[in-house]
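Trainee: Give me the fold of what follows.
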Amino acid sequence: MKKHTYFLLGLLGLTLISCATGKNAFDKGNYETAIDRAVNRLQANPDNKKSKQVLIDGYQLASSYHLDLIQNYKSGGDNFKWERVFQEYRQLNSYYSKIQRCPACLKLVNPTIYQAELENAASLAAQNRYDIGKTALGDSTIESGREAFRHFRTAVDYDQNLPDIDNLMGIARNMGTVRVLVEQIPIHSRSLALTNEYFENKIIEYLDGYSRDKFVRFFTFDEAEQIGLQPDQIISLQFDDFVLGQTLIESKTKEVSQDSVVVGSYKDGDGVEHDVFGTVKAEVTTNRKTLESNGIMNLEIRDAYTGRILTQQKLPSRDVWVHEWASYNGDKRALTKKEINMSKRKELPPPNPQTLFISFVDRIYGQITSRVGNFYRDSRI
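Mentor: Next comes the predicted model:
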């Protein structure tokens, strides 16, 4: 049994050593991991023979592997081949950087840096994206504008000094942006005088924030009128109705008690005072006043040119105002902490209709923003 255990421990030890030196990764053709592990091991133990061999063989094979890929990409017909070439040179340069930071490694291999080749690949990759982006601008459609912007943005990742790139990105973003007019939000209530300024401001604030990194911009009626905007789409938000129900009051009375409560005291024959324990009782009346508000928001997005409805949804919502208080007769010590706190409250009248309306729209706000965000989800830059 002990021999078997020693064998397993030895096998485990050899496995861990192989992993640490990078031998396992090398045998699987994972040259990047193999070189990483070999370099790390040699930094800690410059005389490790397995790590030395892994680094020598790994760097040679890794270099050949990436250089072969580079030649294949260069001779191939991939539209974005220079980006592939860039990635391969960057990987080769990462090997160079790691080995340069390991004195023991430099005695074993002489790594090559491909900085000029990397910069040339980056320049060609950037120019390629730049040219494709300019071609896309010529189509003058929302989709081609978005396509052009994304090509320009990728081009900048490779070269930030492309001619007129900031202006071209601005033109592309403008071309790819959907302009949406947000109609004023009317309120139709059969019996209440309400204002929805709070709700409109909250919606406009959300839409402004939402559009910051999107190919979509939202305009109020006043903003659109000031710049003579012809919108692409129109958002209409309208309360089909907002109704307050009747105030309801529910009262419940119950008897409560607590055992083992000190109800008095007495002195024994020696004059020592003792507590007297007993049960205390009270009658508690709890009251719950509620006022329910209900409404339906009609959300509609339509094409501004044809009037075609792109999406329409009825969003119902409900809000209940609640106030609770209590009273009691009897011994206060029979009450729970919650009942004591409730007994300190007094009956209150319901809030005014405007306050209740604001509470109601706070509940429906999340539904609206979720639906609008989902509709324009494909407009991300």
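Trainee: which element is residue 253 on?
Mentor: strand 248-267 (DSSP states H and E).
Trainee: Can I get that strand in PDB? Just the C-alpha atoms.
Mentor: Provided in PDB are the C-alpha atoms of strand 248-267 (Å, rounded to 0.1, in the frame of the first residue of the first chain):
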ATOM      1  CA  LEU A 248     -60.200  51.700   1.600                       C
ATOM      2  CA  ILE A 249     -59.700  51.200   5.300                       C
ATOM      3  CA  GLU A 250     -59.300  47.800   6.900                       C
ATOM      4  CA  SER A 251     -59.300  47.400  10.700                       C
ATOM      5  CA  LYS A 252     -58.600  44.300  12.800                       C
ATOM      6  CA  THR A 253     -58.900  44.000  16.600                       C
ATOM      7  CA  LYS A 254     -57.200  41.200  18.500                       C
ATOM      8  CA  GLU A 255     -56.300  40.300  22.100                       C
ATOM      9  CA  VAL A 256     -52.600  40.000  22.800                       C
ATOM     10  CA  SER A 257     -50.700  38.900  25.900                       C
ATOM     11  CA  GLN A 258     -47.200  38.400  27.200                       C
ATOM     12  CA  ASP A 259     -46.200  35.900  29.900                       C
ATOM     13  CA  SER A 260     -43.600  36.100  32.600                       C
ATOM     14  CA  VAL A 261     -43.900  39.900  32.900                       C
ATOM     15  CA  VAL A 262     -43.100  41.600  36.300                       C
ATOM     16  CA  VAL A 263     -46.500  42.700  37.600                       C
ATOM     17  CA  GLY A 264     -45.600  43.400  41.200                       C
ATOM     18  CA  SER A 265     -43.300  42.600  44.200                       C
ATOM     19  CA  TYR A 266     -43.400  41.300  47.700                       C
ATOM     20  CA  LYS A 267     -41.100  41.000  50.700                       C
END
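Trainee: what pLDDT, on average, does that strand get?
Mentor: Mean pLDDT, strand 248-267: 91.
Trainee: what does that strand contact?
Mentor: Outside of strand 248-267, the residues within contact range by CB atoms under 8 Å, 6 or more residues apart in numbering are 273-291, 331, 333-336, 339. C-beta coordinates here come from the backbone N, C-alpha and C atoms, glycine included.
Trainee: give me that answer again for 7 Å
Mentor: 273-290, 333-335 (CB atoms under 7 Å, 6 or more residues apart in numbering).
Trainee: Show me these that map onto strands.
Mentor: 273-290 (DSSP state E).
Trainee: What is the burial count for residue 121?
Mentor: 25 (other CB atoms under 10 Å).
Trainee: which residues in the stretch 151-300 of the chain form strands?
Mentor: Assigned by DSSP state E, counting those that start in this stretch, the stretch 151-300 of the chain shows strands spanning 178-182, 216-220, 233-244, 248-267, 273-303.
Trainee: Which one of those strands lies nearest to residue 66?
Mentor: Judged by CB to CB, the one of the strands of the stretch 151-300 of the chain that comes nearest to residue 66 is strand 216-220, at 42.0 Å.
Trainee: Give the pairing partners of the closest one; include direction for each.
Mentor: strand 178-182 (parallel) (DSSP bridges).
Trainee: Let me know the average pLDDT across the partner strand.
Mentor: For strand 178-182, the mean per-residue pLDDT is 97.
Trainee: Can I have the buried ones of the contacts of strand 248-267 as a ChimeraX selection?
Mentor: Applying 16 or more other CB atoms under 10 Å to the contacts of strand 248-267 leaves a buried subset, and the ChimeraX line that selects it is:
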select :280,282,284,286,287,289,290,334,335
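Trainee: Which residue, other than its chain neighbours, is closest to residue 329?
Mentor: Excluding the flanking residues, the one nearest residue 329 by CB to CB, 6 or more residues apart in numbering is residue 283, at 4.8 Å.
Trainee: Which pLDDT value goes with residue 323?
Mentor: 96.
Trainee: for residue 111, helix, strand, or coil?
Mentor: Using DSSP: H, G, I helix; E, B strand; the rest coil, the structure places residue 111 in coil.
Trainee: quick one, phi/psi of it?
Mentor: phi -70, psi 150 (degrees, to the nearest 10).
Trainee: Quick check: the gap between residue 307 and residue 234.
Mentor: Here the criterion is CB to CB, to the nearest Å. By it, residue 307 lies 9 Å from residue 234.
Trainee: When the two are compared, which one has more neighbours?
Mentor: Neighbours were counted for residue 307 and for residue 234 using other CB under 10 Å; residue 234 has more, 17 against 8.
Trainee: quick one, what contacts that one?
Mentor: By CB under 7 Å, 6+ apart, the contact set of residue 234 is 181, 183, 302, 304.
Trainee: Just give me the closest of those to residue 314.
Mentor: Distance ranking of these against residue 314, using CB to CB, places residue 302 first at 15.5 Å.
Trainee: Neighbours of residue 227, how many?
Mentor: 8.
Trainee: in the protein, which spans are helices?
Mentor: With helices called from DSSP state H, the chain shows them at 2-21, 23-27, 31-44, 49-75, 81-100, 103-106, 115-137, 142-158, 165-175, 197-210, 221-227, 337-343, 353-375.
Trainee: ok, residue 117 - contacts?
Mentor: Here residue 117 is in contact with residue 89 (CB under 7 Å, 6+ apart).
Trainee: For it, give me the pLDDT.
Mentor: You'll see residue 117 listed with a pLDDT of 98.
Trainee: Equivalent analysis for the one 4 residues further on, please.
Mentor: In this model, residue 121 is scored at 98, pLDDT.
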